[in-house]
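> with the sequence up front, the predicted model follows.
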Amino acid sequence: MSKINIRDFHNENEDGAPDIVGVSTFSSTAYFVPTKGNTEQRPSDHVEVGSIRFNTDTSNLEYYRGDTIGWSQFVLQEPAAIGTRAVNIGGTPDGPTRSNVMDYVTIASEGNAIDFGDILANPNMDPAASSSTIRGVFAGGRNPGTTNTIEYFEFAVLSNSIDFGDLSTARFELTSCSDSTRALFAGGRSPSTQSSIEKITIASTGSTASFGSLSGSRRGFTGSCSSSIRGLFGGGYSPIVDTIDYVTIQSDGTAQDFGNLSVARGFGGSCSSPTRGLWAAGLTPSDSDVIDYVQIMTLGNALDFGDITAARSLMAGASSSTRGLFLGGAPDRTSIEFVTIATTGDAQDFGDLTVGKSRNAACSNGHGGL
């Protein structure tokens, strides 16, 4: 096999190039530039079938299909829209057992969850999850020991998760929020309760960097909410608190006081639209059925939204820009419920998870931070 490295290739009169006959392979770290011209300049005489040129009128590549057909554009096949998906990650079906199951639903359509793939590293419980429109990330948890692993997946591709990087310390019972580019992981325990907030750039891979800290050490949150500007961290367990902290996601620093939940509790589920954040259920220390809401850009205490269908805790939340879901939890580990975020009212049945579990995490490609 021979290689010829050239920049210009002409015949001796410099009015064309010699023919290269046979199977030839061209390789480059740069790019290939085809001939170009407008539609009127298309060759029509003695054109080889399969010839390629760039049409400057249409800004597309085109190829010659023969004298009776002529020139045709290359067609880009766009993938079908997948809608807004919520992916449910890990958890425990019975307490000591960890689950490696990832399943998903399309938020706009009620129904049972469908298998998405498996967690790469080990079965996991008590992780935290967040997302961009393209990619979901989840971090920490117990599998079975406390882990610092961060993994990711693409919403459009049903597959197992992929290694992303690491938290600075192994932790579980943490929480997460994001805008379209940055995810934050806050609090948790390892085994002592933590106050630190760490950040990643969702589109890349790698370990976390320091963002700042919560107003105090907390774990077992009722959950987190996001707009495109702010992240809110609500509740906590051991001790049970009603605290809501907030940060500006793109500005590092210490979280500030936002207000309080209507009921102090931890281990609930949360979701958000671009303007409104919701927290549902949790331990008070008994199971709660309360749903609270806030306007994310307005400081103040949470207001009553409604109730979930039955009191429970240890659940996950996810959302589109209009609809919030609460997934799994104890004691009814299979349940998925939904609310319309812009209104108030009680939750309604959505469907069931593929595997019933609590201490799970969830994220979506359409939440309020995107």
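Structure received. Everything quoted here is computed from the prediction, not taken from an experiment. Numbers count the residues shown, from 1 in each chain.
> hey, let's count contacts and neighbours off CA atoms from now on
Will do.
> give me the below-cutoff pLDDT ranges for this structure.
Where the chain drops to pLDDT under 70, the residues are 1-28, 31, 57-58, 75-79.
> now with 90?
1-81, 94-96, 121-122, 143-144, 332 (pLDDT under 90).
> break it into its domains for me.
1-77, 85-364 (automatic domain parsing).
> contacts only, for the closest residue to Gly253 other than its chain neighbours.
Closest residue to Gly253 apart from its sequence neighbours, by C-alpha to C-alpha, 6 or more residues apart in numbering: Gly212 at 4.5 Å. By C-alpha atoms under 8 Å, 6 or more residues apart in numbering, the contact set of Gly212 is Ser196, Ile197, Glu198, Asp252, Gly253, Thr254, Ala255.
> immediately after the helix or strand hosting Gly212, which helix or strand?
Per DSSP states H and E: Gly212 is located in strand 209-213. Counting by DSSP H and E, the next helix or strand C-terminal to strand 209-213 is strand 223-226.
> partner strands of that following strand, parallel or antiparallel?
Its sheet considered, strand 223-226 pairs with strand 230-236 (antiparallel) by DSSP bridges.
> other residues contacting the strand it pairs with?
Outside strand 230-236, the residues that reach it (C-alpha under 8 Å, 6+ apart) are 175, 177-178, 218-226, 241-249, 260-261, 264-267, 279, 296-297, 369.
> in strands only, show me the residues you listed.
175, 177-178, 223-226, 241-248, 260, 279 (DSSP state E).
> other residues contacting the strand or helix carrying Cys271?
For Cys271, the element it lies in under DSSP H and E is strand 269-272. Contacts with strand 269-272, where a contact means C-alpha under 8 Å, 6+ apart, come from 222-227, 277-282, 313-321, 324-327, 341, 367-369.
> I'd like the distance from it to the chain centre, please.
14 Å (C-alpha atoms, centre = their mean, to the nearest Å).
> what comes up buried for that strand?
Neighbour counts using 16 or more other C-alpha atoms under 10 Å place Gly269, Ser270, Cys271, Ser272 of strand 269-272 among the buried residues.
> and those residues, which is closest to Tyr64?
Closest approach between the buried residues of strand 269-272 and Tyr64, by C-alpha to C-alpha: Ser272, at 51.9 Å.
> okay, and the beta partners of Trp279?
Under the criterion DSSP bridges, Trp279 forms beta bridges with Ser270, Asp292.
> what's the local residue count around it?
31 (other C-alpha atoms under 10 Å).
> quick check: it touching Ser288?
No: the criterion here is C-alpha atoms under 8 Å, and Trp279 misses it with Ser288 at 11.1 Å.
> show me what the residue nearest to Gly253 is bridged to.
Residues in beta-bridge contact with Gly212 (DSSP bridges): Ile197, Gly253.
> and if you look at Ala361?
Ile89.
> quick one, what contacts it?
With C-alpha under 8 Å, 6+ apart, Ala361 has these contacts: Asn88, Ile89, Gly90, Gly91, Asp126, Pro127, Ala128, Ala129, Phe138, Met315, Ala316, Gly317.
> and the two most separated of those?
Phe138 and Met315 (15.3 Å).
> tell me which of those two has more neighbours.
Met315 (32 against 27).
> surely Thr275 meets Ser228?
No: with contact defined as C-alpha under 8 Å, Thr275 does not reach Ser228; the gap is 9.0 Å.
> shared neighbours of these two, anything?
Joint contacts of Thr275 and Ser228 (C-alpha under 8 Å, 6+ apart) are Gly368.
> mark which of the contacts of Gly212 are buried, thanks.
Ser196, Ile197, Glu198, Thr254, Ala255.
> the fourth one touches Ser210, doesn't it?
No: contact status for Thr254 versus Ser210: not in contact, 10.9 Å apart, counting by C-alpha under 8 Å.
> buried residues in stretch 338-357?
Under 16+ other C-alpha under 10 Å, the buried positions of stretch 338-357 are 338-342, 346-347, 349-357.
> now, the most widely separated pair of those residues?
Ala342 and Val355 (29.8 Å).
> picking up where we left off before, with just CA atoms, put the strand holding Cys271 into PDB.
Output of strand 269-272 as PDB, limited to C-alpha atoms (Å, rounded to 0.1, in the frame of the first residue of the first chain):
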ATOM      1  CA  GLY A 269     -39.800  14.800  45.500                       C
ATOM      2  CA  SER A 270     -39.500  18.100  43.600                       C
ATOM      3  CA  CYS A 271     -40.000  19.500  40.100                       C
ATOM      4  CA  SER A 272     -40.200  22.900  38.400                       C
END
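> can you count the residues close to Phe116?
21.
> surely it and Asp103 touch.
Yes: using C-alpha under 8 Å, Phe116 is in contact with Asp103, at 4.5 Å.
> overlap in contacts of the two?
With C-alpha under 8 Å, 6+ apart as the test, Phe116 and Asp103 both reach Val87.
> that older thread, can you pick out the most distant pair from the buried ones among the contacts of Gly212?
Glu198 and Ala255 (12.1 Å).
> is it true that Asn143 touches Arg98?
Yes: contact criterion C-alpha under 8 Å: Asn143 and Arg98 qualify, at 6.8 Å.
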